[in-house]
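Participant: Sequence below, structure please.
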Amino acid sequence: MDAQAHLGALSQPAEYAGRSVGVMGTGIDVCYPKQHQALFERMIREGGCIISELFPGTPPHKHTFPRRNRVVAGLCLGTVVTEAALQSGSLITARLTSEQGKQVFVLPSDIDNINAQGCHHLIREGATLVYHPDQIMSDLCHQLLAPVAISEAKHDSSGYNKHSSPNSSFSDSTTTPNNNENPILKPQKSVTISEHLQPLWVHIQFELQDLDALIAKTKLDTATLLSQLMELELGGAICEVGGRYQRL
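Facilitator: Okay, here's the model as predicted:
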């Protein structure tokens, strides 16, 4: 199940910033399960990472995984439980997610399925029942910022209804701009780039680039690069989407 979740993230197109983060219940140098070595390498190669708060060389043990689940809950916007027995570690992740004020989603199953009893317990305790990915995105979309969301936000803020018919009274020619449009989603008309940021600015494109690409181009160290990227973002010159950067 875990492997399929990672593969699902990695299979997304580049414009959706498809990448995945693996949180280990072992040392960073211990691949567990061992058959996932190729998956681990692909996650890193495609812009994700593998992280662990345990010492290198720490082997898998039942007591290390609850610690791992705390980190998983901290990284996520919400937790989706697809299958869980009553003693499943997924219930620990769900509890930690809830304690952090985040939403827990649960996929129901047959009432006599022993591997779904934990799911049904969570639903009884107030978790959100879902049966389609769109339901999860609907609840979390306000926390996401992606190119597709920016495009849709521009249309929505102008008063255009993508579901309206050609004969609708709201046409493009009669629509008036909304003065309350979110400035974060609106490209700046004129941006002044400070002189010390120019060497970085010339390498930032209108297509998303990750930190590794920018480090290779600018030869800046990571701390300096992140500091300058923050300056550009606060100045309205660029935006960050899933750990990658582009011009506005």
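Participant: What separation is there between His6 and Ile50?
Facilitator: As judged by CB to CB, to the nearest Å, His6 and Ile50 stand 10 Å apart. Placement of C-beta: from N, CA and C, glycine included.
Participant: Looking at these two, which one has more neighbours?
Facilitator: Taking neighbours as other CB atoms under 10 Å, His6 and Ile50 compare with His6 leading, 19 against 16.
Participant: Contact partners for the residue lying closest to the more buried one once chain neighbours are set aside?
Facilitator: With CB to CB, 6 or more residues apart in numbering as the criterion, His6 has its nearest non-adjacent residue at 4.4 Å, and that residue is Ser20. Contacts for Ser20 (CB atoms under 8 Å, 6 or more residues apart in numbering) come out as Ala5, His6, Ala9, Leu10, Met43, Gly48.
Participant: Which residue, other than its chain neighbours, is closest to the first one?
Facilitator: Distances taken as CB to CB, 6+ apart place Ser20 nearest to Ala5, at 7.7 Å, with adjacent residues excluded.
Participant: packing partners for the biggest helix by length in the chain?
Facilitator: Using DSSP state H to define each element, the chain has its longest helix at helix 222-234. In terms of contacts (3 or more CB pairs under 8 Å, 6 or more residues apart in numbering; DSSP states H and E), helix 222-234 is packed against helix 198-201, helix 211-218, strand 238-241.
Participant: So which of these is the most surrounded?
Facilitator: Ranked by mean neighbour count, the helices and strands packed on helix 222-234 are led by strand 238-241 with a mean of 18 (mean count of other CB atoms under 10 Å).
Participant: So what's the model's average confidence on that one?
Facilitator: Computed over strand 238-241, the mean pLDDT rounds to 84.
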